[in-house]
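>>> Next input, structure requested:
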Amino acid sequence: MGSRFVFSFFVGAFLVGSYGCKRVPAWLDSAPLIGTRVEDDLNRTIYLPQAPKRVAIATSEALPLWLSSKLDRYIVAGCYGDREDTRVFYLSCDDSVSLSEALHRARVDWVWTNRLEQVPAFPEAKIYVFRPQSMEQWLRHLKVLGEVYGMSGFGQVADSLAQLLREYENRLADARRLKVIILSPEVPGGIISKYHPLASIVSRAGGIVPYGAEKGQRVVQVPPDSIAAVPADVIFVPDGNMELINAFLQAYPEAYSMPALQYKRIFSIPSSTLSHPYAEPFQAFYTLLQALHPELVRSQISVQKETE
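Next up, the predicted model:
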């Protein structure tokens, strides 16, 4: 804020010295010298004249970011979701008309959503699309919050997480990429495809989802010969859904000969990691890394202990 004040002061001094009593250009009358410009995931530039004090979270994916940032005190409305935290919120985001009316009543000045068409535009609030598709994009949103609310530490945290991610990926460069099956409760015998958003995090954690599908199809039922041709090294099951293993084995008896079954490499992951991987992508990455390459995690811990 200090640098912006100094900048505004010098601009004002320049105008007085240059124009005297002359009228300044019209575009300068409306040119904002304070506030913050941010860019959302649709590459839309949004101008915030001041840090918003009444925020609506119209996508449950964004809620963990706000909670971990300790900025949830500004949240006055939010959508129902699959997390315990969302029970305090009352909005149903499936009905855009009702949502718009509720946001008007709540007098919000900033709305985070994953679909622009979900929230009809209204002048009282700025609409910000939160739809990260990589961990770097998620970190960019963390920096956005830091810029808007004047929290310089957010940028430092983002840079530290990015550095840690690079270190792990450098270690993974020589590691064997393990073939991964992640079971999904969406359809009987369903597994995620390489087009599922979690598949990219699997790849960065040293694994690979080898099962293809029609582009855009996130959960698939794979032909039995495909399972036999590309046997999985590791199987992940969303917690609370262990019965999916039995359903999977009934659908694919060939899976009994997989390394994942032979060496008992079956792990559970939080259901939220499967349904919303980019709500907490670094937690998803670390969970997968611990299962796929525990030797890297252990070596990192030992290095930390030696340096303490």
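>>> Rounded mean pLDDT for the helix or strand harbouring residue 105, please.
Residue 105 belongs to helix 96-106 when elements are defined using DSSP states H and E. Helix 96-106 shows an average pLDDT of 78 in the prediction.
>>> so what does the next helix-or-strand element following that helix touch, helix or strand wise?
Counting by DSSP H and E, the element after helix 96-106 in chain order, helix or strand, is strand 110-113. Applying 3 or more Cβ pairs under 8 Å, 6 or more residues apart in numbering; DSSP states H and E, we find strand 110-113 packed against strand 55-57, strand 126-129. In this view, the C-beta of every residue, glycine as well, is placed from N, C-alpha and C.
>>> Could you export strand 110-113 as CSV, CA atoms only?
The C-alpha coordinates for strand 110-113 follow below in CSV (Å, rounded to 0.1, in the frame of the first residue of the first chain):
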residue,chain,number,x,y,z
TRP,A,110,-16.6,-11.2,-4.5
VAL,A,111,-17.8,-14.5,-5.8
TRP,A,112,-15.6,-17.5,-6.4
THR,A,113,-17.1,-20.1,-8.8
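>>> What strands flank that strand, and is each parallel or antiparallel?
In the sheet containing strand 110-113, its partner strands are strand 55-57 (parallel), strand 126-129 (parallel), by DSSP bridges.
>>> Please identify the deepest-packed of those.
Highest mean neighbour count among the strands paired with strand 110-113 (mean count of other Cβ atoms under 10 Å): strand 55-57, with a mean of 27.
>>> quick one: average pLDDT of that strand?
Averaging the model's pLDDT scores along strand 55-57 yields 90.
>>> buried ones in whatever helix or strand comes next after it?
With elements assigned by DSSP H and E, the helix or strand that comes after strand 55-57 is helix 63-68. Of the residues in helix 63-68, those buried by neighbour count under the rule 16 or more other Cβ atoms under 10 Å are 63, 64, 65, 66.
>>> before we move on, what about stretch 35-46?
For stretch 35-46, the buried set under the neighbour-count rule, 16+ other Cβ under 10 Å, comprises 36, 38, 40, 41, 46.
>>> Just the pLDDT for the nearest residue to the third one once chain neighbours are set aside.
For residue 40, ignoring the flanking residues on the chain, the nearest one in space by Cβ to Cβ, 6 or more residues apart in numbering is residue 129 at 4.3 Å. We note a pLDDT of 95 for residue 129 in this prediction.
>>> rewinding a little: out of the helices and strands packed on strand 110-113, flag the one nearest residue 176.
Using Cβ to Cβ as the measure, strand 126-129 is the one of these that comes nearest residue 176, at 37.9 Å.
>>> Now do stretch 278-297: distance from first to last residue.
Using Cα to Cα, to the nearest Å, one end of stretch 278-297 lies 21 Å from the other.
>>> Could you give the separation of it from the chain centroid?
The chain centroid and the centroid of stretch 278-297 are separated by 15 Å, computed with Cα atoms, centre = their mean, to the nearest Å.
>>> List the contacts of it.
Outside stretch 278-297, the residues that touch it by Cβ atoms under 8 Å, 6 or more residues apart in numbering are 60-65, 132-135, 137-138, 161, 165, 168, 171-172, 175, 178, 180, 197-198, 201-202, 204-207, 234, 236, 265, 267, 269-270, 272-273, 277.
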